[in-house]
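# next input, structure requested:
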Amino acid sequence: MFILKIIFLFILCLNISTSYASNIKNSAVIFMYHKFGVDKYPSTSVTIDQFDAHIDELTNKKYSIKSLEFIIDTIINDGDLSENTIGISVDDADKSFYEQGWPKFKHNGIPVTLFVNTSTIQKNNKNYLNWDQIRELRDEGVSIGAHSHSHYHMSELSIEEVKKEIEISNNIFLKELGEIPPLFAFPYGEANQKIISLLKEYKFKVAFGQHSGVINETSNLYYLPRFSLNERYGGLDRVKFAASAKGLGVYDFIPVDPTIKDNPPYIGFSLLDERLAPSLDCFIFDSKGQVEKELFKFNERIEIRLKRKLTDGRSRLNCTAKGEDAKWRWFGHQFYL
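Residues are numbered from 1 along each chain as shown. Purely as a prediction, here's the structure:
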């Protein structure tokens, strides 16, 4: 009997060790900006007061602000990120980044990746940067990322059209900057598996969407989340909450393709740490608002059944769970129909 008890305790300790080992190792929050102080476009711009508050908060010593390249390389190479690691990205190369955004980021030593759609720059649009300004920013430390050529809804293009978009953009980057950026961001955050496969063929290291969530080693490297900041969703409380969140480790996520064919989609995934299941909740929103759902938990397996079809366009899933350390874990995904 004594030997049986010893064996039982050994197995129990082994199971506990396995459970703790199943926790994610690294987490990183990426914030996404577009415009700075452009009141005409509140859905894509933050106010200057909001931006100043973000800078004041993020320069707090409790955060570790790193470049996107550093964050990605650390996760890919199984390195160690600091607690509360933050990355900053800016999409579209609006001139307000040059005039309002970068001077403050630069003054505070905050690294930034600027995702550029090349067509806008080629047209010399007065509201956007030109190549001389982009080269100046690059020389001052801004990393340049690819954002397609024409900023189309890429999921609606044929594969040949997507190839053309990538190749035109790549050739322009080679001509103007002497290199092709290793990072890609999907216009509108819209993607599908065929486009993701193409990005891999063209040797992009990773690709970013526009859905909320925290990056970790279980994240899809070609559909990484970012927290979008604008006038409506740029309040300091949201920034603080997101910045302190950790990644929710998931695997076997379905549907695999972000552009869905079945509507409503069958949504499911497994938790890396099933101890988070009791506190887990998920929410999905489309253009009509929140979609009612049923949430089923089978140990580590989570299944979500929606009570109506999603509307055409973009829909976003957000799942959060509170860990034993009282910190929130966050997983997000965007669907396109």
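# any stretches of the stretch 1-150 of the chain with poor pLDDT?
For the stretch 1-150 of the chain, the stretches flagged by pLDDT under 70 are 1-22.
# who's in contact with the residue lying closest to residue 266 once chain neighbours are set aside?
If the residues on either side of it in the chain are set aside, residue 266 comes closest to residue 254, at 6.5 Å by C-beta to C-beta, 6 or more residues apart in numbering. Yep, even glycine has a C-beta here, placed from its N, CA and C like the rest. Going by C-beta atoms under 8 Å, 6 or more residues apart in numbering, residue 254 touches 266, 267, 268, 269.
# show me the contacts for the residue nearest in space to the middle of the chain.
By C-alpha atoms, centre = their mean, the chain has its centre lying nearest to residue 225, at 1.6 Å. Taking C-beta under 8 Å, 6+ apart, we find residue 225 in contact with 30, 208, 209, 211, 212, 213, 214, 215, 219, 332, 333.
# same thing but 6 Å
Applying C-beta atoms under 6 Å, 6 or more residues apart in numbering, we find residue 225 in contact with 211, 212, 213, 332.
# among these, which one has the most neighbours?
In terms of neighbours by other C-beta atoms under 10 Å, those top out with residue 213 at 30 neighbours.
# show me the contacts for that one.
225, 330, 331, 332.
# just say helix, strand or coil for the second one.
Okay, so that is residue 330. Recorded secondary structure, residue 330: strand (DSSP: H, G, I helix; E, B strand; the rest coil).
# dump the contacts of residue 225 to JSON lines, plus pLDDT and distance to residue 204.
Formatted as JSON lines, the contacts of residue 225 follow (pLDDT from 0 to 100; distance: C-beta to C-beta, whole Å):
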{"residue": "211", "pLDDT": "97", "distance to residue 204": "18"}
{"residue": "212", "pLDDT": "98", "distance to residue 204": "22"}
{"residue": "213", "pLDDT": "98", "distance to residue 204": "20"}
{"residue": "332", "pLDDT": "98", "distance to residue 204": "21"}
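# can you add distance to residue 293 and secondary structure and give the residues you listed back as JSON lines?
What follows is the contacts of residue 225, written out as JSON lines (distance: C-beta to C-beta, whole Å; DSSP: H, G, I helix; E, B strand; the rest coil):
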{"residue": "211", "distance to residue 293": "17", "secondary structure": "coil"}
{"residue": "212", "distance to residue 293": "17", "secondary structure": "coil"}
{"residue": "213", "distance to residue 293": "18", "secondary structure": "coil"}
{"residue": "332", "distance to residue 293": "15", "secondary structure": "strand"}
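# could the residues you listed be laid out in JSON lines, adding distance to residue 169?
Shown next, in JSON lines, are the contacts of residue 225 (distance: C-beta to C-beta, whole Å):
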{"residue": "211", "distance to residue 169": "23"}
{"residue": "212", "distance to residue 169": "26"}
{"residue": "213", "distance to residue 169": "26"}
{"residue": "332", "distance to residue 169": "26"}
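# what segments of the stretch 201-337 of the chain are helices?
Ranges of helices in the stretch 201-337 of the chain, per DSSP state H, counting those that start in this stretch, are 236-243.
# roughly how far does residue 123 sit from residue 151?
11 Å (C-beta to C-beta, to the nearest Å).
# with residue 129 instead?
The value you get for residue 129 to residue 151, if C-beta to C-beta is used, is 14 Å.
# those two: which is more packed in?
residue 129 (23 against 16).
# didn't that one look like it was pressed against residue 96?
No: Residue 129 lies out of contact with residue 96 (C-beta atoms under 6 Å); the separation is 9.9 Å.
# for the stretch 151-300 of the chain, which segments count as strands?
Counting by DSSP state E, counting those that start in this stretch, one finds strands in the stretch 151-300 of the chain at the ranges 183-185, 206-208, 215-216, 227-228, 246-247, 250-254, 267-271, 281-286, 289-290, 293-298.
# mind putting those into a markdown table with distance to residue 62 and mean pLDDT?
As requested, the strands of the stretch 151-300 of the chain are arranged in a markdown table below (distance: least, C-beta to C-beta, whole Å; pLDDT from 0 to 100):
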| stretch | distance to residue 62 | mean pLDDT |
| --- | --- | --- |
| strand 183-185 | 26 | 98 |
| strand 206-208 | 25 | 98 |
| strand 215-216 | 19 | 98 |
| strand 227-228 | 17 | 98 |
| strand 246-247 | 14 | 97 |
| strand 250-254 | 26 | 98 |
| strand 267-271 | 27 | 98 |
| strand 281-286 | 27 | 98 |
| strand 289-290 | 32 | 98 |
| strand 293-298 | 33 | 98 |
